[in-house]
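# Provided below for reference: sequence and predicted model.
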Amino acid sequence: KLNHKGQLNEVLLGALGRPVAEGEVVYRTNSDGPPFVAIVDLTTVLRGVAVEASTTSFEGSASCTKEAAEQSAAACAVNELKNTLVAAGTRRPQKSAPSEPASQPADEACQFICKVELS
C-alpha cells in the first residue's frame, strides 16, 4: 500500500530543503461518516516557494475511511507538485522507483480521483 502522505512530505522536503513543520500541511475532511472527502491545504508550506501550480489546495476522491481520503488528497498534491516544482527548478528529480499513479486503489473498495480546488 502506497503512502502518499509520506511521498508528499518527501516532495516538500526537496522543495524546501528542510522538513515540513507541524501545521504547514493541513488536511480537512468533509464529514463524520463515509464517504469521506479530504482536502490537503499547502498554502502555508508553499509560501515563498516558486511553484507553477494553479492551486495550493487539493481534493481527493470520496473514500471509505478518513485515512484513505487523506491519502487520496495527498496523491493529487504529489502528482501536481512533482511536475511543477521540477519545472520551476526548486526541486531536483530524485532517483527512486516510479510511483504508481493516483488512480491505483487505496484499498479494495476505494479509488483515487483527483479534483483541484482553485484558490
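That came in fine, so what should we check first?
# list the contacts of Gly48.
The contact partners of Gly48, by C-beta atoms under 8 Å, 6 or more residues apart in numbering, come to none. The C-beta positions use only the backbone N, C-alpha and C, and glycine is treated the same way.
# pull out the buried positions in the lengthiest helix in the chain.
Using DSSP state H, we find that the single longest helix of the chain is helix 66-87. By 16 or more other C-beta atoms under 10 Å, the buried positions in helix 66-87 come out as 66-82, 84-86.
# with stretch 36-53 instead?
Buried, per 16+ other C-beta under 10 Å, within stretch 36-53: 36-42, 45-46, 49, 51, 53.
# show me which pair in these is furthest apart.
Greatest spatial distance among those (C-beta to C-beta): Phe36 and Val49, at 28.7 Å.
# from the buried residues of stretch 36-53, which has minimum pLDDT?
Least confident by pLDDT among these: that is Ala53, with 57.
# hey, where'd the helices end up in this protein?
Under DSSP H, the chain gives helices at 4-16, 43-46, 66-87.
# of those, which is nearest Ser31?
With C-beta to C-beta as the criterion, Ser31 lies closest to helix 66-87 of the helices of the chain, at 9.1 Å.
# run through the neighbouring helices and strands of that closest one.
With contacts taken as 3 or more C-beta pairs under 8 Å, 6 or more residues apart in numbering; DSSP states H and E, helix 66-87 sits against helix 4-16, strand 26-29, strand 38-41, strand 57-59, strand 105-107, strand 115-117.
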